[in-house]
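Student: Sharing a model prediction with you, sequence too.
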Amino acid sequence: MSLKSFLFLAIFIALFFESSLISLPLVFILCLLLYIIYPDTSVVIFALFMCMILDVLRVGPIGLSSLAIIIAIGLVELIRSSMEFRDYKLIIPFLFIASYLYANLFVYSVNFLTYFVLFGVASLIVYYFSGSKLLWRKGM
Amino acid sequence: MQKKYIAIAVVFVLILLIIFANNFLPIKLFGAGIQKIFEAPRIAIYNIKTQVSGNDSKQVEQLKSENAALVKKLVDYEKTKLDNDALRSQFETTQTQNYSLLPAHIMGFAGSFTNPSSIVIDKGVSDGVKKGMAVIFQNNLIGIVDQPSDFYSKVNLSVNQKFSVIAQTSENNSLGITRGQDDFILLDRVPIDNKLSKGEMVLTKGETDSQKLVPSGLVIGKISGISKSENLPFQTAKIESPVNFTKLSTVFVITKL
């Protein structure tokens, strides 16, 4: 299974858990991560659709999470064009800040320590398993 | 690159249009369909918290599958027992016997895991739920319905910052407004000359207008601390709810008084 398919599946599973058990913005984080690694139109459409389903399940205004994800995607594009960075180490701080802001706005658990530990562990896993492979595809 | 920004801007505008068109039929149908599809798996995920996994011999695997089936049965039994207990205790509560109560299962929550600020229940507009209806457990006010959709509703718990009801203390009849403060409930706007005492129960005063349907006499909580300054016209009190929101699985919506 490719990383892209794995992330698609993970987002779909996260949708169930986020709407019933876990108070962390997993769908937002995974959708953003998916776009950072694979900035395709299909990914954007999938992310927008998943966010809309999430809004329905969390009984919020339909489209609000999609709005947040499209703003985050716009920011990613802006940073990508202005800073020319491709190092995965810079993805983690961006995801951390974006998801923490999103969690505050959309009433998720906002324990800073939880996020710090979560992203610390995630970055260690990414570092250990991917090395330099997890870079943005060249020519974006 | 310029094209990408234009595309993002167009999508942004389209999403804004969708948000403003939330009440239009196609979007409502989309929401209702999704809610129906996801209802069963969500309840299952909310109820089953453990999984059995691993590679073992055939006999052990068989025993494990039998065990898993028994665990599932046990979970179903415990769920039914909890529902029965909740229903029995609710209908034995004499104070709420005269209200029309709608039992609802909790399907999800918002806020932190240990201290949720709102919950999602499996009853919506199609079941007669409206915005402003009180949600109770026994004779305790749990929260107020905030956003009812076709099949689900979002309920703001009494600790939610959006929650506010007119309240009255049980012993001294001091009037005030209770507001959620994330970690606790605050009794505010109590005139300085009114008496408040620690351990006193805080009850609902009753609000039955077009915005809210909250009967009087429901327990909001118990006063655990009082803050008073002679320079200010009002005093405040910290209230603790007697209900542990994380342990609830069934609640009741008051649909009619």
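Tutor: Perfect, thanks for sending it. No experiment lies behind these values; they were computed from the predicted model shown.
Student: So the residue nearest to the spatial centre of chain A versus A:V121, what's the distance?
Tutor: Nearest to the mean C-alpha position of chain A, by C-alpha atoms, centre = their mean, lies A:I29 at 2.3 Å. Noted for A:I29: a distance of 13 Å to A:V121, by C-beta to C-beta, to the nearest Å. Bear in mind the C-beta positions are built from the backbone N, C-alpha and C, glycine included.
Student: rewinding a little: right, and the residue nearest to the centre of chain A touches A:I97 too?
Tutor: No: using C-beta atoms under 8 Å, A:I29 is not in contact with A:I97; the gap is 11.5 Å.
Student: Quick check: mean pLDDT of the lengthiest strand in chain B?
Tutor: The strand that spans the most residues within chain B, counting by DSSP state E, is strand B:100-111. Strand B:100-111 shows a mean pLDDT of 88.
Student: Check stretch B:177-195 too.
Tutor: 90.
Student: Can you point out the buried residues in it?
Tutor: B:177-180, B:184-190 (16 or more other C-beta atoms under 10 Å in any protein chain shown).
Student: Out of those, which is nearest to A:I22?
Tutor: Nearest to A:I22, judged by C-beta to C-beta, of those is B:G180 at 22.4 Å.
Student: mind listing the helices in chain A by residue range?
Tutor: With DSSP state H as the criterion, chain A has helices at A:3-20, A:26-37, A:41-57, A:64-83, A:91-105, A:112-130.
Student: The ones you listed: which one's closest to B:V11?
Tutor: Using C-beta to C-beta, the nearest of the helices of chain A to B:V11 is helix A:64-83, at 5.4 Å.
Student: and that closest one with helix A:26-37, angle?
Tutor: 30 degrees (axes from the mean of the first three to the mean of the last three C-alpha atoms, to 10 degrees).
Student: Now do the buried residues in helix A:64-83.
Tutor: A:64-70, A:72-74, A:76-77, A:80.
Student: what does stretch A:44-52 give?
Tutor: Using 16+ other C-beta under 10 Å as the test for burial, stretch A:44-52 gives A:44, A:46-48, A:50-52.
Student: swap in stretch B:234-254?
Tutor: Buried residues in stretch B:234-254, counting neighbours by 16+ other C-beta under 10 Å, are found at B:235-239, B:241, B:243, B:245, B:248-254.
Student: Do it and chain A come into contact?
Tutor: No: Stretch B:234-254 stays clear of chain A (C-beta under 8 Å from any C-beta of the partner chain), getting no nearer than 11.2 Å.
Student: Quick one: mean pLDDT for that stretch?
Tutor: 89.
Student: tell me how far the ends of that stretch are from each other?
Tutor: In stretch B:234-254, first residue to last residue: 32 Å (C-alpha to C-alpha, to the nearest Å).
Student: swap in stretch B:111-118?
Tutor: Criterion C-alpha to C-alpha; first-to-last residue distance in stretch B:111-118 is 7 Å.
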